[in-house]
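[1] 3D model of this:
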Amino acid sequence: MSAAMKLSNFPGDVKFLVISLLISIHLSLTTGTANVQRYFGSKTAYELIHPPPEIVIEDEFNSVQVGTFSCLAAHSSSVMRHGARYPGLEDVQSISKIHKDIYDKLTSDKFQPLKEWKNSFPQNNEKMLMALGEEEQIHLGHRTARRLRSLFVDEDMENFRFLVSSKQRTQESGNAYHEGFLQALMGDSEEGDMDSELSDETLRFHERCQKYIHTVGKNKTAIMEFYKFLSGKEMTNIMKKVSSKLGIPEDLLKTEHLRTMYLVCGYETALYQSSPWCSLFDEEDFKVLEYLSDLKHYYKNGYGHKITAIQSCPLVTDIFTTMDDAIEAMETEVDEEDLNGYVLGNFYFGHAETLGPLYAALGLFNDTLPLTADNYLQQSSRLFRTSEILPFSANLMLILYECDQNDELLTESEAADETRETTQYMLRLYVNEKVMKIPGCEDLTCLYSQVRKRFVDLISCNFSKVCDYNGRPRDEL
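    Next up is the predicted model:
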């Protein structure tokens, strides 16, 4: 599908047939390169690394049993990274220069496709959403609505919040998600534009936190491990291999050029299902290049610096405050008609710079040893692998459950105990649509009060205070 061929041009039923066909074609055409596509880091297409089930079970996430408590979903908060996007202008211009520099040196017929390559990325499409990204988000919204159908189906859209950043790719991702969401709940019976809130305060906090900006965002020493690895033996070996394959002098390429080739390989594979730039690397090369990408995200958007996680507190606060309000509304003995303001679903559409710090704030994917330029082999089984945790359309969902005591499961002595709790509120975490333990919890379902207590410092943080920059040259590791 071309960028100009928008999915919104199709009627609802036809649209989902088209999307399913596109995904099937995409998967079938990329089977031969499936292994390398697992290593595109944060530029990985979502459904290639997290293939959706053939059948989505209706209300799959709507109820859980916890001991003698029967629980029903009462609220959900989902944070999504935008869908697959076009490359930035810097990468578009850089790959054209690299191609120009090696063009006359390419004499082998083996690399004729690379010699004939034309840069097809429009310079005015910088980081805009691809059609594939739109498909990812429509599918994600559709699956979420089906899995929580009983919670959502009969509710007014005023009981949902859709928050987007100021960037086009998050706004279009939100629109696509909203479209799939409505289609799952209402079919073609009702369509409407998403009523969204623009909220860079909660979704682009990295642009407002002065301490992060000066100590990490604009400080090259903050990602020194990335630069060490970029010039290290693993990357140098790839540069020698690629130069040898192409039959060009070794001093023509630099290791930073390899990273650009790798990125464009990923973008073109997402857009066109293949790329001649990919032929320059073998699977081991892709693993090394993926680790390079992971190092950058680890130190800019992950665990490398404490301020990265702390700066996400506006988002953490918004999520938990909304759940607090939901609980207060449920505990207030008034008619359902008076429960205006009870938000059933929060949907946030942000960036890798939104989700990565949130992972770190919650303690997710935290390796025992930090990622460094010197421990590539040691980290072969690392948790912080951006291809897995931060692909395009990566997502995190917290579901709040209202749990009532099931008298049929009680013993006689338990039933006779008038001091026992009859209602509790519990929480479950899903990352990229898979249930995960919330750090600090023993089970998959955890008491809301316990989770809230664990993250109370983030929920009550003073953003201005924690982000105040006092002039120190670098943040502590």
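[2] Spatially central residue in the chain, please.
    Centroid check for the chain by CA atoms, centre = their mean gives Ala394 as the closest residue, at 2.4 Å.
[3] dump the residue contacts of it.
    By CB atoms under 8 Å, 6 or more residues apart in numbering, Ala394 lies in contact with 46, 80-81, 352, 355, 432. Every residue, glycine included, has its C-beta placed from N, CA and C.
[4] what do you get for His50?
    By CB under 8 Å, 6+ apart, the neighbours of His50 are 391, 432-433.
[5] change it to 6 Å
    Contact analysis of His50 by CB atoms under 6 Å, 6 or more residues apart in numbering lists Asn432.
[6] which residues of the stretch 151-300 of the chain score low on pLDDT?
    Residues of the stretch 151-300 of the chain that meet the criterion pLDDT under 70 lie in 188-192.
[7] which residues in it form helices?
    168-186, 200-203, 210-212, 224-230, 233-246, 255-272, 283-301 (DSSP state H, counting those that start in this stretch).
[8] Arrange those in CSV, one row each, with mean neighbour count as further columns.
    Shown next, in CSV, are these (neighbours: other CB atoms under 10 Å):
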stretch, mean neighbour count
helix 168-186, 23
helix 200-203, 20
helix 210-212, 21
helix 224-230, 19
helix 233-246, 16
helix 255-272, 22
helix 283-301, 22
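[9] what about these, which gets the closest to Thr144?
    Closest of the helices of the stretch 151-300 of the chain to Thr144 is helix 168-186, at 6.7 Å (criterion: CB to CB).
[10] For that closest one, name the packing helices and strands.
    In terms of contacts (3 or more CB pairs under 6 Å, 6 or more residues apart in numbering; DSSP states H and E), helix 168-186 is packed against helix 131-147, strand 160-164, strand 345-350.
[11] for the longest one, packing partners?
    Counting contacts by 3+ CB pairs under 6 Å, 6+ apart, helix 131-147 is packed against helix 168-186.
[12] The second one now?
    Identification of packing neighbours for strand 160-164 by 3+ CB pairs under 6 Å, 6+ apart yields helix 168-186, strand 196-198, strand 345-350.
[13] Quick one: closest of the ones you listed to Ser63.
    strand 345-350 (16.7 Å).
[14] Could you list the residues in contact with the closest one?
    Counting by CB under 6 Å, 6+ apart, residues outside strand 345-350 touching it are 76-80, 160-165, 170, 173-174, 203, 322.
[15] Arg169 is in contact with Tyr86, isn't it?
    No - using CB atoms under 6 Å, Arg169 is not in contact with Tyr86, being 8.8 Å away.
[16] how close does Ser274 sit to Val36?
    To Val36, Ser274 is 11 Å away according to CB to CB, to the nearest Å.
[17] Of the two, give the one with the bigger neighbour count.
    When neighbours are counted by other CB atoms under 10 Å, Ser274 and Val36 differ, and Val36 comes out ahead with 21 against 16.
[18] The more buried one sits in which helix or strand?
    helix 34-37 (DSSP states H and E).
[19] Can you add distance to Glu116 and give the helices of the stretch 151-300 of the chain back as CSV?
    Formatted as CSV, the helices of the stretch 151-300 of the chain follow (distance: least, CB to CB, whole Å):
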stretch, distance to Glu116
helix 168-186, 30
helix 200-203, 41
helix 210-212, 44
helix 224-230, 29
helix 233-246, 15
helix 255-272, 14
helix 283-301, 23
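[20] What is the most widely separated pair among the contacts of Ala394?
    Top of the distance list for the contacts of Ala394 (CB to CB): Ala352 and Asn432, 13.5 Å.
[21] okay, the two: which has more neighbours?
    Legend: neighbour count by other CB under 10 Å for Ala352 and Asn432, higher for Ala352 (22 against 18).
[22] Go ahead and confirm that one touches Ile389.
    No - with contact defined as CB under 6 Å, Ala352 does not reach Ile389; the gap is 10.0 Å.
[23] State the three-state secondary structure for the residue nearest to Ser63 when sequence neighbours are not counted.
    For Ser63, ignoring the flanking residues on the chain, the nearest one in space by CB to CB, 6 or more residues apart in numbering is Leu72 at 5.4 Å. Using DSSP: H, G, I helix; E, B strand; the rest coil, the structure places Leu72 in strand.
[24] ditto for Gly471
    Going by three-state DSSP: Gly471 is coil.
[25] where's it relative to Thr215, distance?
    Applying CB to CB to Gly471 and Thr215 gives a distance of 10 Å.
[26] Asp104 now?
    Distance from Asp104 to Thr215, by CB to CB: 44 Å.
[27] what does Arg147 give?
    For Arg147, the distance to Thr215 - CB to CB - is 40 Å.
[28] Check Leu72 too.
    From Leu72 to Thr215 the distance is 45 Å (CB to CB).
[29] Between the two, point out the one with more neighbours.
    Neighbours around Leu72 and Thr215, counted as other CB under 10 Å, are more numerous at Thr215. The numbers are 23 against 14.
[30] ok, which stretches of the stretch 301-450 of the chain are helices?
    Using DSSP H, counting those that start in this stretch, helices in the stretch 301-450 of the chain cover 306-310, 313-331, 352-362, 386-389, 412-416, 448-454.
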